[in-house]
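In: Pasting the sequence and the predicted coordinates here, then a few questions.
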Amino acid sequence: MKFDKANIYYFSGTGNTLIASRVVKDVFKKNGVKVKLIKMEKEDPKNIDLSGAIGLAFPIAVFTSYPLVMDFINKLPNAEGTPVFMLATMGGLGLGMKSYLKDVLIKKGYRPIGAKQIVMPDNFTPAPEKDKKNPKIIDSGILSTQDFAEQLLSGKATWGYFPILHKLVYGLSQYFFKTSSFKKAVKINKDKCIQCGLCSKLCPVGNIVMREYPAFLNKCEVCVRCISYCPKGALYRRHQGEHVYRGVDAKEFLE
């Protein structure tokens, strides 16, 4: 597939997808492709640039992706053969995400040119000793992403399609995101909180507002960015002191 311009619209919770998106960007640039990385959370999908190839990059969550991501994709404008590729990072399984997304994009007039699900470190690392495996997982993920980017440029990338149950999987996953247990997932230890407001600045859906302490507005999507990057570990999901994963520096989400 030949193209000289690409815009990669991405969402990253703790940094894995940002890392992978940058890898694709580097490979494209080395091959003369003009490329931009654009945050889904800051962009109106109806106004995306259709003059080049489109990349959709996001984490797999509950076998599909976060409502923020799915809303962005479902609100994309109709196209006339615009090439599009999918890049997903995951700690577990993606199940029917490739098939669901391919159906949506074809109906909107896009031309799917490749999809890849990259294994990266799990956001919910159960214990600190598991961190020792993360560098190898990241290195392997980067190599897989580089290979995928090169396949996209050479026209050898593929987009698998396994239609069985993918609509059901999508429906169930989005239902889970709407349940109260998800919307109220983040808890706070006020004794640890230093009232810095970083969590509010990092939240991609505006779920956290700063009052005396962070307050939650019941629309959490459990991307765990706030938990992972809290400088004092004041925020938690399951239990206080739970181990967290950070793929990049917090400031890279604020740029």
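Out: Everything's here; your move.

In: Going by neighbour count, list what's buried in stretch 223-240.
Out: By 16 or more other CB atoms under 10 Å, the buried positions in stretch 223-240 come out as 223-230, 233-237. Every C-beta, even on glycine, is put in place using the N, C-alpha and C of the backbone.

In: and that stretch, how far out from the chain's middle?
Out: In this view, stretch 223-240 has its centroid 18 Å away from the chain centroid, taken as CA atoms, centre = their mean, to the nearest Å.

In: For that stretch, which outside residues touch it?
Out: 11, 13-14, 59, 61, 66, 68, 123-124, 185-190, 192-194, 196, 198-199, 202-204, 208, 214, 222, 241-242, 244-246, 250, 253 (CB atoms under 8 Å, 6 or more residues apart in numbering).

In: for the record, mean pLDDT for that stretch?
Out: Average pLDDT, stretch 223-240: 89.

In: what's the answer for stretch 138-158, then?
Out: For stretch 138-158, the per-residue pLDDT averages 97.

In: Let the chain start at 141 from now.
Out: Renumbered: residue one is now 141, and that last one reads stretch 278-298.

In: buried sites along that stretch?
Out: I278, G281, I282, S284, T285, F288, A289, E290, Q291, L292, L293, A297.

In: Could you find which two of the residues you listed are furthest from each other?
Out: Greatest spatial distance among these (CB to CB): I278 and L293, at 22.8 Å.

In: quick one: the strands in the stretch 291-395 of the chain?
Out: Counting by DSSP state E, counting those that start in this stretch, one finds strands in the stretch 291-395 of the chain at the ranges 327-328, 348-350, 354-356, 375-376.

In: so where's this structure uncertain?
Out: Residue ranges of the chain with pLDDT under 70: 141, 232-235, 264-271, 303-309, 320-322, 381.

In: redo that, cut-off 90
Out: Where the chain drops to pLDDT under 90, the residues are 141-143, 201-205, 230-240, 262-275, 300-325, 358-359, 377-385, 395.

In: Distance of K247 relative to L375?
Out: Using CB to CB, to the nearest Å, we find K247 at a distance of 39 Å from L375.

In: what secondary structure does the most centrally placed residue in the chain sit in?
Out: Central residue of the chain (CA atoms, centre = their mean): F198, 2.6 Å from the mean position. In three-state terms, and counting by DSSP: H, G, I helix; E, B strand; the rest coil, F198 is strand.

In: With I148 instead?
Out: Taking three-state DSSP, the label given to I148 is strand.

In: give me the element the residue nearest to it when sequence neighbours are not counted is part of.
Out: Once flanking residues are discounted, I148 sits nearest to G195: 3.6 Å by CB to CB, 6 or more residues apart in numbering. Here G195, judged by DSSP states H and E, is contained in strand 193-199.

In: After that strand, which helix or strand is next?
Out: Next along from strand 193-199, by DSSP H and E: helix 207-214.

In: any residues touching that next one, and which ones?
Out: 149, 151, 180-181, 183, 185, 196, 198-199, 204, 241, 244-245, 310, 314, 317-318, 344-345, 361, 363.

In: Kindly give a single ChimeraX line that selects the buried subset of the residues you listed.
Out: Selecting the buried subset of the contacts of helix 207-214 in ChimeraX, with 16+ other CB under 10 Å as the burial test, is done by:
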select :149,151,180,181,196,198,199,204,241,245,310,314,317,344,361,363
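
In: in stretch 388-395, what's buried?
Out: For stretch 388-395, by 16+ other CB under 10 Å, it's A390, F393.

In: Tell me the bridge partners for the residue nearest to the centre of the chain.
Out: A228 (DSSP bridges).

In: Could you check how far the residue with the largest distance to the centre of the chain is from G373?
Out: Distance from the C-alpha centroid of the chain peaks at D331, with 31.4 Å (CA atoms, centre = their mean). As judged by CB to CB, D331 and G373 stand 11 Å apart.

In: Kind regards, and thank you for your time.
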